[in-house]
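>>> requesting a structural model of the entry that follows:
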Amino acid sequence: MSNRKSNTAKTAQATKLYLLPQVDKETGEEIFVPKYKYIPGSPKQYRYNSQNGQFNINGERILLDGKGSPITQFSFQPIAWRIFEAPMFGRDRADKWCEIFFIDDKNCVSCIMFNNTTLEELNKLAEQMFYDDITLADIVLTMKPEKIESKTENKSWYIGRFSYDYAEKNKVAELQEFANDYPIFRRDTITETAIYLAKSENFHIPPKAEVLEEAKQAA
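The predicted structure follows:
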């Protein structure tokens with residue numbers, strides 16, 4: 001009976017699209033492991049710098065193309081997201097922010113965050129997607145910086161413009177299955193007072209006690 005139950009469990013595991021078979025080095029048994037790397041609450045952090053229009057990892061390593069130049073656009077396939085309003089990163093005022101989670105080319109669960117005019121651009125795209133009857137989970141999103149120069153002040157900045165292509169349905173199913181099975185969120189940006197304007201159903205909001213404990217440790 002126990003062997004039958006074990007085989008049933010293995011069969012259930014094998015049906016998960018994001019799992020890969022692997023041999024356990026200690027037992028020699030076949031096991032299934034996720035193809036994607038993720039520490040719950042601590043995704044790999046990609047950042048967009050609106051001052052210079054560059055993309056980087058952790059604010060340090062600039063993303064470069066094959067010629068060693070900063071990339072001119074960044075494409076990724078969202079698996080979860082949220083748009084919210086909260087005072088972030090020591091600011092007194094509450095701004096609107098967007099977090100989008102995706103799997104990068106190293107198979108790491110990752111997050112990119114932006115606000116202000118770039119978020120406004122995403123909202124415009126969202127209207128178009130609404131009429132196309134799709135969500136961010138159905139597409140490969142491309143973000144391309146565009147330089148803007150002030151006509152009244154001697155300064156310039158970069159707006160992130162968005163476009164998209166339809167993602168492969170099999171890949172959408174696989175990524176959504178993974179995102180439904182794991183708590184997708186970024187722990188250091190979760191606040192108890194955040195006002196949610198939009199979010200995917202699979203975005204994980206930690207329990208209130210956990211949020212309060214994190215805030216206490218950060219203080």
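>>> so which residue is dead centre in the chain?
Residue closest to the average C-alpha location in the chain (C-alpha atoms, centre = their mean): Phe101, at 0.8 Å.
>>> residue contacts, it?
43, 78-81, 109-111, 179, 184, 186, 203 (C-beta atoms under 8 Å, 6 or more residues apart in numbering). (Glycine included, C-beta is placed from N, CA and C.)
>>> so it is in which element?
Per DSSP states H and E, Phe101 falls inside strand 95-103.
>>> what values do phi and psi take at Thr118?
Here is the backbone geometry of Thr118 (degrees, to the nearest 10): phi -70, psi -40.
>>> that one - nearest residue in space that isn't next to it in sequence?
Gly160 (3.8 Å; C-beta to C-beta, 6 or more residues apart in numbering).
>>> just to revisit the earlier point, what pairs with the strand holding Phe101, parallel or antiparallel?
Paired with strand 95-103 in the same sheet, following DSSP bridges, are strand 78-86 (antiparallel), strand 109-115 (antiparallel).
>>> if you count neighbours, what's buried in it?
Buried residues in strand 95-103, defined by neighbour count with 16 or more other C-beta atoms under 10 Å: 97-103.
>>> equivalent analysis for stretch 50-68, please.
Counting neighbours by 16+ other C-beta under 10 Å, the buried set in stretch 50-68 is 50, 53-56.
>>> what of stretch 33-45?
In terms of neighbour count (16+ other C-beta under 10 Å), stretch 33-45 has its buried residues at 36, 38, 41, 43-45.
>>> so which of the strands paired with strand 95-103 is nearest Pro207?
Taking C-beta to C-beta, strand 78-86 is the member of the strands paired with strand 95-103 nearest to Pro207, at 16.5 Å.
>>> pLDDT of stretch 16-36, averaged?
The average of the pLDDT scores along stretch 16-36 is 90.
>>> right, I mislabeled it, should have said stretch 125-142
94.
>>> residues in contact with it: which ones?
Counting by C-beta under 8 Å, 6+ apart, 73-79, 81, 100, 162-167, 172, 175-176, 200 sit against stretch 125-142.
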